[in-house]
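Engineer: Build the 3D model from these lines:
(2 chains)
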Amino acid sequence: MKLKRFIPLMAVLALVVGLLAGCGSGSSSGKSLKVIKIATQTPLSGGSATLGNAIKLGAQLSVQDYKAKFAKLGYKVVLAPYDDMADPKKGVSNAQDIASDNSILGIVGHLNSGVAIPSSSVYEQNHIAMVSPANTAVELTERGLKSVNRICARDDFQGPAGANYAVKTLKAKKIFIIQDKTAYGSGLASAFRDEAKKLGAKIVGYEGITVGEKDFSGVISQAAATKPDLLYFGGVYAEGGLIIKQARQQGMNMPIMGGDGLDSSSTVSIAGPAVKNVYFSTVVGDVTKTEAGRKFAADYKKQFGKDIEGYSAYGYDCGGVLQQAILNAIKKNGGKLPTRANVETAVRDIHNYDGLATKVDFDNKGDNKYAKIYIYKFDKASYPATEMTEIQKTK
Amino acid sequence: MLQHIIQLLPQVLVDGITLGFVYAVVAIGYTMVYGILELINFAHGDIFMTGAFIGSGFLFLFISLGLMSSLPALLVFLIVIILSAMITGGMGVAIERVAYRPLRKRNAPKLIALITSIGISFILEDLVRFIAEWKTGNYIVTAPSLFNHTFTIDIHSIMPFFNNAKFQSSFIVVLVVTIIMLIGLDLFVNKTKWGMAMRAVAQDRETASLMTINVNRVISVTFFVGSALGGATGVLFMLQYGTIDPYIGFILGIKAFTAAVLGGIGNIRGAMFGGLMLGLIEMFAAANLSTLTGGLFGSEYKDVFAFIILILVLIFKPEGLFGKATIEKV
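Structural biologist: Numbers count the residues shown, from 1 in each chain, chains lettered A, B, ... in the order given. Down below sits the predicted model:
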């Protein structure tokens, strides 16, 4: 009887002692370097955890690369990863936690625009600079927030860039468009349609499908009857893969094109060999084309035991931009710890930052002037696809 | 305009028949249970989905065991579909035993059983999703294809106003297997002792039990047959479309249920006909709606079109095409 009570007591004691020991060792290694934290907010669990993790690990690598520069000024940057679970509610509550931790000066994130938009209202109130690697929704920067910046391109550029490539490079004259009736898919498809029309292509059909269905042969036989030179799909891989497959089954061998919703290994596994001659536009470039990019990929692999994802380099660049801005702010402040508002303006003032994946220069909305759209093509049934070209916005 | 519609007709027929037969077999599962228990078993669509996943699981297992190369594809397919049908049939019986029978024993209102079936449907979806994500890392599963030879019906050269129709060999498999299942079921219900018992229970449960019919066992058999057919159709669906996810049962279940209502719920031949009709209407609408309306409504309105027809049929014949108007006993 007594022994039974004794065991849990011992367990609790052991835990407390362990905790104390843990805390002790944590504080003793701090030394004289002042700690600055930067947070990441990305989904680390759930369906898009792979992408969220890639951003976090990219940012982590950039923290290591900036370590020496900060140490020289007497500071140490620590990464504080938060999991937004791709859920707007969780994102906002994390944002409030971040706001209450005064050592956090900036944020790398988010992955999902739907999470970034409500969370950034909290950042704005607290002057926490946010640098986003992946949010493409137009609305994010259109609200005129001072704290919000992104290094990737916007949605309203992706459709036109795709149309440009389809009409000018692929010489498509008759285009059939299918979209999935979601905000993303139909937005992309209608932007593509308008630009393609302007460039002189004929739109021979503009049809919608329902997300979650598997049989699209009705729409496809309609498309096949119009004999287009190009089939455009606005939507994501689950339906896109099937449309590619079923179109090829009905003998449609023309190029098929889509947006970044097709940028997934699942497109290949669903469509199989039919994926050949499929193009897609995306905001993520292939970093392994450059020497620095290959070194990054190797470091990443060595450090984390994983291959880089498309967004890894973007997480790295966001971390870099943020830390460069903090460094600038420290120098401007005469070596003293800058305030959040200082960092906020320093981020917006970043000019011609040479990142790994992209050059960064924010305009007054927080959009990157150097953001590009990349066109990829599946040459064979394997992922990743081959980068064909990059298109930069001309202003 | 008419010319355009006629040109597409062969392809629309081929695709519509495939989809229609899938609807038909799933609709039978709804209609059988309704006929006997007056319960709309919403979990049936997810039994169909589970069948598709079990089937793809067996295919992956056979590939990893290296059986695919040594056995002909048709034999592998038969083994897979029979095993999957047995398992889903057993699942149907188990669900009835665990979830519906206790409610029936306590004379719970029919609405409670309906809500229970919706609950079961969610449980199945998330269970399958969990297992699929755990095993493959992604809940959208792409099954290995067994029959992917493409045929072309060269109808254009015989009748030049038609375009050619293309289909995969899986289309023939789906067609043959569903027809066998439908004929088999029809014979089972109309010619065998168990079938007679089922019809008796459907007509009047209490009187049937007085005639030494073990009502609970008949209900179990009904669930077994309905779920086994549903699971087998899931396997066919997987073969035909290649990609499955845990939510395919939802939309398809609703459509199959609609087909059952269209044919007259409780009537097996009605469900077959309703399924086929719905599949054809849907495919026709998807291919031709924008031509018919001059581009005003695109193919995304195909379901609206199909359901308007359903409503029209039900306004003039509320018991469905094949249903009998019954007088409620007081």
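Engineer: ranges for the strands of chain B?
Structural biologist: Per DSSP state E, chain B carries strands over the ranges B:141-142, B:150-153, B:165-168, B:243-244.
Engineer: What parts of the stretch 51-200 of chain A come near chain B?
Structural biologist: A:K181 (C-beta under 8 Å from any C-beta of the partner chain). C-beta: built from backbone N, CA, C; applies to glycine.
Engineer: before we move on, the earlier item: would you mind finding the most buried of the strands of chain B?
Structural biologist: Each of those was scored by mean neighbour count; the highest is strand B:243-244, a mean of 24, by mean count of other C-beta atoms under 10 Å in any protein chain shown.
Engineer: what does that one contact?
Structural biologist: A:214, A:238, A:241-242, A:270, B:49, B:52-53, B:56, B:140-143, B:234, B:237-238 (C-beta atoms under 8 Å, 6 or more residues apart in numbering or on different chains).
Engineer: please redo it, this time with the cut-off set to 6 Å
Structural biologist: Here strand B:243-244 makes contact (C-beta atoms under 6 Å, 6 or more residues apart in numbering or on different chains) with A:L242, A:I270, B:A52, B:V141, B:T142, B:M238.
Engineer: Then stretch A:68-78?
Structural biologist: A:L33, A:K34, A:V35, A:I36, A:K37, A:V63, A:I330.
Engineer: so of those residues, which ones are in strands?
Structural biologist: Using DSSP E, those in strands are A:K34, A:V35, A:I36, A:K37.
Engineer: okay, these in JSON lines with neighbour count and pLDDT next?
Structural biologist: Formatted as JSON lines, the ones in strands among the contacts of stretch A:68-78 follow (neighbours: other C-beta atoms under 10 Å in any protein chain shown; pLDDT from 0 to 100):
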{"residue": "A:K34", "neighbour count": "14", "pLDDT": "90"}
{"residue": "A:V35", "neighbour count": "11", "pLDDT": "92"}
{"residue": "A:I36", "neighbour count": "20", "pLDDT": "93"}
{"residue": "A:K37", "neighbour count": "16", "pLDDT": "94"}
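Engineer: Any stretches of chain B with poor pLDDT?
Structural biologist: Low-confidence regions of chain B, defined by pLDDT under 70, span residues B:325-330.
Engineer: same thing but 50
Structural biologist: Residue ranges of chain B with pLDDT under 50: B:329-330.
Engineer: Quick one: name the residues of the stretch 101-250 of chain B near chain A.
Structural biologist: Residues of the stretch 101-250 of chain B lying near chain A by C-beta under 6 Å from any C-beta of the partner chain: B:I140, B:T142, B:K166, B:Y241, B:T243, B:Y247.
Engineer: hmm, back to that, so which of the contacts of strand B:243-244 is the closest to B:T222?
Structural biologist: Comparing the contacts of strand B:243-244 against B:T222 with C-beta to C-beta picks out B:A52 as the nearest, at 21.9 Å.
Engineer: Hmm, that closest one is touching B:G234, no?
Structural biologist: Yes. With contact defined as C-beta atoms under 6 Å, B:A52 counts as touching B:G234 (3.5 Å).
Engineer: State the distance from the nearest residue to A:D379 once chain neighbours are set aside to A:Q96.
Structural biologist: Closest residue to A:D379 apart from its sequence neighbours, by C-beta to C-beta, 6 or more residues apart in numbering or on different chains: A:T386 at 5.4 Å. Distance of A:T386 to A:Q96, given as C-beta to C-beta, to the nearest Å: 43 Å.
Engineer: Kindly report the same for A:Y66.
Structural biologist: 27 Å.
Engineer: what does the model give the residue of chain A at minimum distance from chain B for pLDDT?
Structural biologist: Here the residue of chain A nearest chain B is A:G218; by C-beta to the nearest C-beta that distance is 2.4 Å. Here, the pLDDT recorded for A:G218 equals 87.
Engineer: helix or strand right after the strand or helix carrying it?
Structural biologist: Here A:G218, judged by DSSP states H and E, is contained in helix A:217-225. Remark: after helix A:217-225, the chain's next helix or strand is strand A:230-234, criterion DSSP H and E.
Engineer: Give me the angle between that next one and helix A:217-225.
Structural biologist: Put simply, strand A:230-234 runs at 150 degrees to helix A:217-225, going by axes from the mean of the first three to the mean of the last three C-alpha atoms, to 10 degrees.
Engineer: Which residues does strand A:230-234 contact?
Structural biologist: Around strand A:230-234, the neighbours that count as contacts under C-beta under 6 Å, 6+ apart are A:166, A:172, A:175-179, A:185, A:188-189, A:192, A:240, A:243, A:254-258.
Engineer: The residues you listed in helices, which ones?
Structural biologist: A:G185, A:L188, A:A189, A:F192, A:G240, A:I243 (DSSP state H).
Engineer: quick one on the thing from earlier: give the other helices and strands that the helix holding A:G218 contacts.
Structural biologist: helix A:237-249, helix B:2-37, helix B:268-292 (3 or more C-beta pairs under 6 Å, 6 or more residues apart in numbering or on different chains; DSSP states H and E).
Engineer: Make JSON lines out of those and add distance to A:K301 and mean neighbour count.
Structural biologist: Shown next, in JSON lines, are the helices and strands packed on helix A:217-225 (distance: least, C-beta to C-beta, whole Å; neighbours: other C-beta atoms under 10 Å in any protein chain shown):
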{"stretch": "helix A:237-249", "distance to A:K301": "26", "mean neighbour count": "24"}
{"stretch": "helix B:2-37", "distance to A:K301": "46", "mean neighbour count": "23"}
{"stretch": "helix B:268-292", "distance to A:K301": "46", "mean neighbour count": "24"}
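Engineer: how about those helices in a markdown table, adding distance to A:A298?
Structural biologist: Listed next are the helices and strands packed on helix A:217-225 as a markdown table, based on distance: least, C-beta to C-beta, whole Å:
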| stretch | distance to A:A298 |
| --- | --- |
| helix A:237-249 | 29 |
| helix B:2-37 | 49 |
| helix B:268-292 | 49 |
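Engineer: Tell me which stretches of the stretch 151-300 of chain B form helices.
Structural biologist: Secondary structure of the stretch 151-300 of chain B (DSSP state H, counting those that start in this stretch): helices at B:169-191, B:193-203, B:205-210, B:215-241, B:248-263, B:268-292.
Engineer: So which bits of the third one are buried?
Structural biologist: Burial within helix B:205-210, assessed by neighbour count using 16 or more other C-beta atoms under 10 Å in any protein chain shown, is assigned to B:R205, B:A208.
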